[in-house]
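A.B. asks: structural data only, the sequence is not supplied:
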């Protein structure tokens, strides 16, 4: 097996400066943050689907009958109007949280895009920033 001499190896490689390392670390942190956001979004989408199913069920229920509504880990008997109000509030909260996460994800992706441009400009194919 032949090995490159140290001088030949260093001729082709760009030196990684402290600023470059900070950019690489920032990119890595943002990538991890996006992965966490995606996981949370999946959880919220399951919650949103359950709330949508509940909305459909509440349309079919007699308005005089109490409704079992899950709050945390417990189920409470609520009147139909109160259950509808609670459902509206819970749906709005999930929608708001989804919108917040989408905004955070877009901000991370934009910053990652800028870092990719800078890092690929300097290192070319010597660096891999794709998942």
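C.D. replies: Alright, I've got the coordinates. Note that this is a predicted model, so its numbers are computed, not measured.

A.B. asks: got any ranges where the protein has weak pLDDT?
C.D. replies: The chain contains residues with pLDDT under 70 at 1-13, 131.

A.B. asks: ok, 80 please
C.D. replies: Along the chain, the model assigns pLDDT under 80 to residues 1-14, 130-131.

A.B. asks: quick one: the strands in it, in order.
C.D. replies: Using DSSP state E, the strands assigned to the chain run over residues 67-71, 74-78.

A.B. asks: tell me how far stretch 16-30 lies from the chain's centre.
C.D. replies: Distance, stretch centre to chain centre, for stretch 16-30: 21 Å (Cα atoms, centre = their mean, to the nearest Å).

A.B. asks: which of the residues in that stretch are buried?
C.D. replies: Residues of stretch 16-30 classed as buried by neighbour count (16 or more other Cβ atoms under 10 Å): 20, 23, 24, 27, 30. From N, CA and C alone the C-beta is placed, and that goes for glycine too.

A.B. asks: tally up the residues packed near residue 119, please.
C.D. replies: Residue 119: 17 surrounding residues under other Cβ atoms under 10 Å.

A.B. asks: spit out the contact partners of it.
C.D. replies: 20, 23, 24, 27, 127, 129 (Cβ atoms under 8 Å, 6 or more residues apart in numbering).

A.B. asks: which ones among those map onto helices?
C.D. replies: 20, 23, 24, 27 (DSSP state H).

A.B. asks: and the gap between the spatially most central residue of the chain and residue 47?
C.D. replies: For the chain, residue 37 is the residue whose C-alpha lies nearest the centre (Cα atoms, centre = their mean; 1.8 Å). Per Cβ to Cβ, to the nearest Å, residue 37 is found 15 Å from residue 47.

A.B. asks: so residue 109 sits right up against residue 34, yeah?
C.D. replies: Yes. Residue 109 is within contact range of residue 34, at 6.8 Å (criterion: Cβ atoms under 8 Å).

A.B. asks: okay, the two: which has more neighbours?
C.D. replies: When residue 109 and residue 34 are compared for neighbours, residue 34 comes out ahead with 18 against 14, by other Cβ under 10 Å.
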